[in-house]
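Novice: I would like the atomic coordinates for the input below:
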Amino acid sequence: MKTYAIVLAAGKGTRMQSDLPKVLHRVGGKPMIEHLVDKLEQMNVDDIFVVVGYRGELVKAQLGGRVTYVEQREQLGTAHAVRQAAPLLKGKQGQTLVLLGDTPLLKPSTMERLMKLQRYTRCPGVVLTTLVDDPTGYGRIVRDPFTGHVASIVEDRDALPEQRRIREVNTGNFCFDNQSLFRALPGIRNRNAQQEYYLTDIVPALRRTGAANVRPALESLTLIDPAEAIGINTRAQLAEAEQALGGLMRAVV
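Specialist: Residues are numbered from 1 along each chain as shown. I've put the predicted structure just below:
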């Protein structure tokens with residue numbers, strides 16, 4: 001089975017207070033985007049697509065010819081970013097990882113578990129979740145009270161008061177059946193506080209395509225250690241990731 005990866009790396013990262021694209025900030029002496037690309041190459045992913053936008057020429061200069069570049073000229077959300085790869089991927093059979101370029105601590109073993117779970121369940125997609133003490137800012141995993149399956153993923157700004165208390169959150173990393181993903185993406189709308197096209201709205205979009213008539217639209221894999229899924233949006237989170245990386249390296253030794 002062919003495997004693909006789409007790495008979202010188009011954002012400016014305004015809260016980093018730097019003109020450098022967010023994914024080029026260094027963790028452990030290496031740009032965070034390079035951590036992910038290195039791991040995907042180790043996993044022998046067939047094709048790696050990196051979505052670039054803000055100062056994309058710098059990202060290209062860093063990675064060179066190791067990946068295929070897809071341009072997102074306007075940053076209209078994560079689903080919009082993934083859709084930019086449609087001309088290259090739509091209709092192909094296989095699995096597609098969708099990864100955030102600012103989660104450099106994600107382990108190859110975790111990504112492989114995502115792919116294995118999608119293959120085993122034959123579900124249209126799998127989302128990587130984790131439990132955190134303070135879920136502020138994260139998308140909440142809302143589960144069906146009867147089946148326990150993922151019913152929806154609600155962004156923090158759109159969450160109801162009772163949903164804000166949910167501690168299980170979306171890490172922003174997924175694995176999809178490639179054809180199911182690209183059939184569903186056009187059905188995602190921007191009816192939310194940010195007026196963006198969220199990949200988290202893939203659950204109802206998959207249902208509308210009929211991809212989930214027999215099985216759940218989205219399965220989930222929950223990380224035990226939330227540090228592995230740290231998303232870097234601020235200088236403080238950059239320092240947190242640096243510290244967590246040191247801990248992970250010591251654990252390996």
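Novice: switch to C-alpha atoms for all contacts and neighbour counts from now on
Specialist: Noted.
Novice: which stretches of this structure form helices?
Specialist: Secondary structure of the chain (DSSP state H): helices located at 32-42, 56-63, 78-83, 86-89, 108-121, 161-164, 178-184, 202-209, 235-252.
Novice: now the angle between helix 32-42 and the second one, please.
Specialist: Using axes from the mean of the first three to the mean of the last three CA atoms, to 10 degrees, the direction of helix 56-63 lies 50 degrees away from that of helix 32-42.
Novice: I'd like the average pLDDT over helix 56-63.
Specialist: Mean pLDDT, computed over helix 56-63, is 96.
Novice: Please point out which parts of that helix sit buried.
Specialist: Buried residues in helix 56-63, counted by 16 or more other CA atoms under 10 Å: G56, V59, K60, L63.
Novice: now, among those, which is nearest to L185?
Specialist: Taking CA to CA as the measure, L185 sits nearest to G56 out of these, at 23.7 Å.
Novice: Next, the contact list for that closest one, please.
Specialist: G56 sits next to A10, P21, E71 when contact means CA atoms under 8 Å, 6 or more residues apart in numbering.
Novice: what about it, distance to V70?
Specialist: According to CA to CA, to the nearest Å, G56 and V70 sit 10 Å apart.
Novice: Check I202 too.
Specialist: In terms of CA to CA, I202 sits 21 Å off from V70.
Novice: same check, this time on N192
Specialist: Using CA to CA, N192 is found at 25 Å from V70.
Novice: I'd like the mean pLDDT over stretch 13-32, please.
Specialist: Stretch 13-32 comes out at a mean pLDDT of 86.
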